[in-house]
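**Student:** fold the following.
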Amino acid sequence: MEKQAVTIYTVAREARVSMATVSRVVNGNPNVKPATRQKVLDVIKRLNYRPNAVARGLASKRTTTVGVVIPNLTNPYFAELALGIDDIASMYKYNIILANSDYDDDKILKVVRNLLAKQVDGIIFMGYDLSEDLQAEFKSSNTPVVVAGSVVNDKDLPTVRIDYRKAAKEAVAFLLEHNQGQVALVTNSLNYSINSEERLPGYKDALAEAGVDYDPQLLIETTGSYKEIYDRAKSIAESGVKAAYVTNDHLAVGLLNGLTDNGIKVPEDFEIISSNDTKYTRLARPMLSSITQPLYDIGAVSMRLLTKLMEDSNDSEKDVLLEHSFIARQSTRK
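**Tutor:** Coordinates of the predicted model:
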C-alpha cells in the first residue's frame, strides 16, 4: 500500500485543531495559545510534517522561491555569483530553483516560462542580451527581475555589476604604457551590450587619453570559442600586436596557450590582461593579470536587491555598481 503524504489537513486532524491554527504555528504567528502551539508542534514532529512552500504561500500569494537563470553551470564566473545569491537567499528564507540556459534564446525562454509557471516570487538573470520574446515575457509578468554581473539590452531591468567601461579603460591604459599603441581588444560577440556599450567604449577611452588612434584591425571579435582564439593566437602576434585586453578568462587562457605553444613568450613578447579573475587566471601558467570583480558580492547584493523588490520597497536602487580592482600577475610586465 502506497504511503500517503502528510498534509496540513493530517496535522490538523491529529492535533484536533483547525488548519488555520496549524498554519499560524508553522508561520510563527504569535496568536496561538502556548499549550495549543506545543500540541501542534508535537504532532508535526511525530508525523515528520514538512510544510509545502507553495501551499504555505497561497494566502499571501508568495512561494518563498526564487528562480536563478544561469548560462553555464560549469563556468566559474557564474558559479561564484550563484554562491552569493544562495547565501543571501538562505538568510532570507528563500528557496532557489537553478535553471541552466546554455546561452540559447529558445531554452532561456523555456526555462523562464517554467519558473513563472512555478510562481516564483522573483528571478535573478545571468548572461547576456534578452530576445524580444524574453523581454515581452518579463514585461507581461509582475515578477521582479534583477540582472546579476552583466549589462543587457533591456534598460528597465535593475542590475548589479561593476563599471565595465571604466575597468576596460584602466586595463588598456596599463598595457599602453609600454606597448607603443599595439594593444588589441579580444572579445566574444559585439552583439552583446556588455561589449558594444561598455568594454569597447572603455577601450576607445584609453586610446584617446593616450593619444592613440583607434585601429579597427586591433578589435578582435570571436565567437567565444577557446579553440578559435587558440588557433588565431599566432597570426595575432605576427600582425604586430604586442598586448591584449581580453573580455573573459576562457578566451584569455586560449590566447595565452596559443601564444605559448607557438613559441611566443608571455609577457616578454606579448602581454595579456583578462577581465573576471576566476580560478582560470590562477591556474594558467604564467598566471594571468586581471581586472578583479567581487563576484560573490555581486551575487549577494543581487539577491538582497531582489528581496526589496519582492517586498515592493520604494527605496530600492535601480542599478548598483560595485567596486572593481586590478591584480598584476605573470602575464604583464611590471
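**Student:** how about the helices in the stretch 201-334 of the chain?
**Tutor:** Along the stretch 201-334 of the chain, counting by DSSP state H, counting those that start in this stretch, helices occupy 226-238, 249-261, 279-283, 295-310.
**Student:** dump those to TSV, plus mean pLDDT and mean neighbour count.
**Tutor:** In short, each C-beta sits where N, CA and C put it, glycine included. Putting the helices of the stretch 201-334 of the chain into TSV (pLDDT from 0 to 100; neighbours: other C-beta atoms under 10 Å) gives the following:
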stretch	mean pLDDT	mean neighbour count
helix 226-238	97	17
helix 249-261	97	22
helix 279-283	95	17
helix 295-310	93	22
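**Student:** tell me which of those lies nearest to residue 70.
**Tutor:** Nearest of the helices of the stretch 201-334 of the chain to residue 70, taken as C-beta to C-beta: helix 295-310 at 10.5 Å.
**Student:** for the closest one, which outside residues touch it?
**Tutor:** With contact meaning C-beta atoms under 8 Å, 6 or more residues apart in numbering, helix 295-310 is reached by 62, 66, 77, 80-89, 92, 94, 121-124, 144, 146-149, 158, 160-162, 276, 278, 315-317, 320, 322.
**Student:** rerun at 7 Å
**Tutor:** 66, 77, 80-85, 87-89, 92, 121-122, 124, 144, 146, 148-149, 158, 160-161, 316-317, 320, 322 (C-beta atoms under 7 Å, 6 or more residues apart in numbering).
**Student:** how near is the residue nearest to residue 73 when sequence neighbours are not counted to residue 78?
**Tutor:** Leaving out its chain neighbours, the residue that sits closest to residue 73 by C-beta to C-beta, 6 or more residues apart in numbering is residue 100, at 5.1 Å. Distance, residue 100 to residue 78, by C-beta to C-beta, to the nearest Å: 10 Å.
**Student:** identify the contacts common to these two.
**Tutor:** If you check residue 100 and residue 78 against C-beta under 7 Å, 6+ apart, the residues they both contact are residue 70.
**Student:** who's the residue nearest to residue 73 bridged to?
**Tutor:** residue 70 (DSSP bridges).
**Student:** how much space between it and residue 14?
**Tutor:** Taken as C-beta to C-beta, the span from residue 100 to residue 14 is 41 Å.
**Student:** again with residue 286
**Tutor:** Taken as C-beta to C-beta, the span from residue 286 to residue 14 is 67 Å.
**Student:** so for the two, which residue has more residues nearby?
**Tutor:** residue 14 (18 against 15; other C-beta atoms under 10 Å).
**Student:** which element is the nearest residue to the more buried one once chain neighbours are set aside on?
**Tutor:** What sits nearest to residue 14 in space, not counting adjacent residues and going by C-beta to C-beta, 6+ apart, is residue 43, at 4.7 Å. Here residue 43 is covered by helix 34-47, with elements defined by DSSP states H and E.
**Student:** could you list every helix and strand that that helix packs against?
**Tutor:** Secondary-structure packing of helix 34-47 (3 or more C-beta pairs under 7 Å, 6 or more residues apart in numbering; DSSP states H and E): helix 8-15, helix 19-26.
**Student:** format the ones you listed as JSON lines; extra columns: mean pLDDT and distance to residue 179.
**Tutor:** Converted to JSON lines, those look like this (pLDDT from 0 to 100; distance: least, C-beta to C-beta, whole Å):
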{"stretch": "helix 8-15", "mean pLDDT": "86", "distance to residue 179": "68"}
{"stretch": "helix 19-26", "mean pLDDT": "79", "distance to residue 179": "64"}
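**Student:** need the winner for burial among those helices.
**Tutor:** Comparing those by mean neighbour count (mean count of other C-beta atoms under 10 Å), helix 19-26 ranks first with a mean of 18.
**Student:** only alpha carbons, please: show it as PDB.
**Tutor:** The C-alpha atoms that make up helix 19-26 are tabulated as PDB, following Å, rounded to 0.1, in the frame of the first residue of the first chain:
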ATOM      1  CA  MET A  19      -5.900  24.100   9.600                       C
ATOM      2  CA  ALA A  20      -5.700  27.800  10.200                       C
ATOM      3  CA  THR A  21      -4.200  27.100  13.600                       C
ATOM      4  CA  VAL A  22      -1.600  24.700  12.100                       C
ATOM      5  CA  SER A  23      -0.800  27.400   9.500                       C
ATOM      6  CA  ARG A  24      -0.300  30.000  12.300                       C
ATOM      7  CA  VAL A  25       2.100  27.700  14.200                       C
ATOM      8  CA  VAL A  26       4.100  26.900  11.000                       C
END
